[in-house]
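Colleague: predicted structure and sequence below. I'll ask about it afterward.
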Amino acid sequence: MQDICLKTTDQTTLTDALDALGLARDGQITGDWLYVGKVLKTPGTYTEDGTETTAPVYLDGEYAVYRATDTQVAVIETATWPEGVSIVTPPDGISMFGGEWLQPDLTTLQAEACARIDASAEALCNTVVTPGSSQMARYTRKQAQAEAYLADPSPTADKYPAIYGEVGITADTVQAVAEVVLARAAAWWTYGDAIERARLAGKRAVESATTVAAIQAAEAAVEWPDLP
């Protein structure tokens, strides 16, 4: 069992979020929990007769404590929370039921998010090129032959079989085949560079995140380029 501190905008929003995870039913949260509400940040000051001179200041949002089993912890840690609800470090003044506060395994969650980002990048790449290392080797070879062909004053089929072999398929002349190959390569590398920038930026943001909510937000914020 672990105690989890949840920050929310209001009790209904939290109840709805837990209901979506199967941790509430008919508006009632199952298990042990305590809705704390607003948490005092700094107390107000008052004169001897009780007149307020400085208003109390409260932390942003409202708070609750949920007592979770190991199974529930696994659900809560990996949940995608709606806007306004997140797992947080409990502020001073919030009591637990007992045991320990939940400390999410951020390293594992970061690694899983980074793996998903890598997989998304690979899937996008595979939408414009046939997957596989041998196929990529053929693409690279063909690009090199196209570049060499266009710079060669006396090209032959023996020198550039990949280019000559596509006459009548990719284009009607050897010159046109070479130009089409290079145009496609340029478009692919431009797109690939954009994917790589997005992949690396997304993983850096995930690895810099210090809360479950921040990891999820960083992964969701990756801006993949449009297909060429």
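Modeller: Ah, there it is. Numbers count the residues shown, from 1 in each chain.
Colleague: and the next element down the chain from the longest helix seen in the chain?
Modeller: Selection of the longest helix in the chain by residue count, based on DSSP state H, yields helix 174-208. Using DSSP states H and E, the helix or strand that follows helix 174-208 in sequence is helix 212-220.
Colleague: which parts of that next one are buried?
Modeller: 212-213, 215-219 (16 or more other Cβ atoms under 10 Å). C-beta here means a position set from N, CA and C on the backbone, and glycine is covered the same way.
Colleague: for the closest residue to Tyr46 other than its chain neighbours, grab phi and psi.
Modeller: Distances taken as Cβ to Cβ, 6 or more residues apart in numbering place Glu52 nearest to Tyr46, at 5.5 Å, with adjacent residues excluded. Phi and psi for Glu52, reported as degrees, to the nearest 10, are phi -70, psi 130.
Colleague: follow-up on the earlier one: tell me which of the buried residues of helix 212-220 is nearest to Leu109?
Modeller: Ile215 (5.3 Å; Cβ to Cβ).
Colleague: kindly state the domain boundaries assigned to the protein.
Modeller: Domain ranges of the chain: 2-104, 108-220, per automatic domain parsing.
Colleague: of the ones you listed, give the one that comes closest to Leu227.
Modeller: Across those, Leu227 has its closest neighbour in domain 108-220 (6.4 Å, Cβ to Cβ).
Colleague: now the end-to-end length of the closest one.
Modeller: 17 Å (Cα to Cα, to the nearest Å).
Colleague: burial of Trp224, as a residue count?
Modeller: If you count neighbours by other Cβ atoms under 10 Å, Trp224 ends up with 15.
Colleague: what residues are up against the residue nearest to Tyr191 when sequence neighbours are not counted?
Modeller: In this structure, Tyr191 finds its nearest non-sequential neighbour in Pro228, 4.6 Å apart by Cβ to Cβ, 6+ apart. With contacts defined as Cβ atoms under 8 Å, 6 or more residues apart in numbering, the neighbours of Pro228 are 128, 187-188, 190-191.
Colleague: one step back: if I look at the residue nearest to Tyr46, how far off is Gly44?
Modeller: Using Cβ to Cβ, to the nearest Å, Glu52 is found at 6 Å from Gly44.
Colleague: and if you look at Pro91?
Modeller: 18 Å.
Colleague: which of these two has more neighbours?
Modeller: Comparing Pro91 with Gly44 by neighbour count (other Cβ under 10 Å), the higher total belongs to Pro91, at 14 against 11.
Colleague: what about the more buried one, which SS state?
Modeller: Following DSSP: H, G, I helix; E, B strand; the rest coil, the label given to Pro91 is coil.
Colleague: hmm, it is touching Val39, no?
Modeller: Yes: counting by Cβ atoms under 8 Å, Val39 is a contact partner of Pro91 at 5.3 Å.
Colleague: need the residues touching each of the two.
Modeller: The overlap between the contact sets of Pro91 and Val39 (Cβ under 8 Å, 6+ apart) consists of 59, 63.
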